[in-house]
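Novice: fold the following.
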Amino acid sequence: MTAETAAAHPHNPYRSPAPAPVPARTVLEDAGELLRALAAPVRIAIVLQLRESPRCVHELVDALGVTQPLVSQHLRILKSAGVVHGERSGREVLYELVDDHLAHIVVDAVAHAEEG
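Specialist: The predicted structure is shown next:
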């Protein structure tokens with residue numbers, strides 16, 4: 001995108017008038033790992049579900065129409081990436097998003113895909 005194109009779209013809140021400094025390599029690598037963790041359709045659907053409220057595995061299975069082992073596998077990936085955390089409640093583990101930033105990333109990506 002050229003400077004003229006960026007100037008033609010001043011309504012974009014993600015663009016600054018001056019070039020932004022490049023973050024440290026470790027920050028960029030961490031951001032890449034986070035995006036890779038979010039890069040599967042089932043994991044995107046899990047994040048969208050958890051955006052509404054904390055859920056246990058069987059609720060995610062019912063909502064997504066996939067198997068329990070598949071949901072558990074994806075939750076492990078999201079947990080290891082720091083996207084979700086689980087809290088035991090009796091015999092179940094209740095999963096929730098670590099923070100709202102992650103939900104915004106997914107919601108924006110889904111909205112962009114829907115715009116087609």
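Novice: which stretches of the chain form helices?
Specialist: Shown for the chain, the helices assigned by DSSP state H span residues 3-7, 25-37, 41-52, 57-64, 68-80, 100-115.
Novice: and those helices, which is most packed in?
Specialist: Here the criterion is mean neighbour count by mean count of other C-beta atoms under 10 Å, and of the helices of the chain the winner is helix 41-52, at a mean of 18. For the C-beta atoms, the positions are set from N, CA and C on the backbone; glycine is no exception.
Novice: what angle separates that one from helix 57-64?
Specialist: 110 degrees (axes from the mean of the first three to the mean of the last three C-alpha atoms, to 10 degrees).
Novice: pLDDT weak spots in this protein?
Specialist: 1-14, 16 (pLDDT under 70).
Novice: try it again with 80
Specialist: 1-18 (pLDDT under 80).
Novice: returning to what we had before: dump the helices of the chain into TSV; add distance to R15 as well.
Specialist: Output for the helices of the chain, formatted as TSV (distance: least, C-beta to C-beta, whole Å):
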stretch	distance to R15
helix 3-7	5
helix 25-37	18
helix 41-52	25
helix 57-64	35
helix 68-80	30
helix 100-115	15
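Novice: could you list the alpha-carbon positions for stretch 69-76 in PDB?
Specialist: Written as PDB, here are the backbone C-alpha positions of stretch 69-76 (Å, rounded to 0.1, in the frame of the first residue of the first chain):
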ATOM      1  CA  PRO A  69     -11.300 -35.500  21.600                       C
ATOM      2  CA  LEU A  70     -11.100 -32.900  18.800                       C
ATOM      3  CA  VAL A  71     -12.400 -30.100  21.100                       C
ATOM      4  CA  SER A  72      -9.900 -31.200  23.800                       C
ATOM      5  CA  GLN A  73      -7.000 -31.300  21.400                       C
ATOM      6  CA  HIS A  74      -7.800 -27.800  20.100                       C
ATOM      7  CA  LEU A  75      -8.300 -26.500  23.700                       C
ATOM      8  CA  ARG A  76      -4.800 -27.900  24.600                       C
END
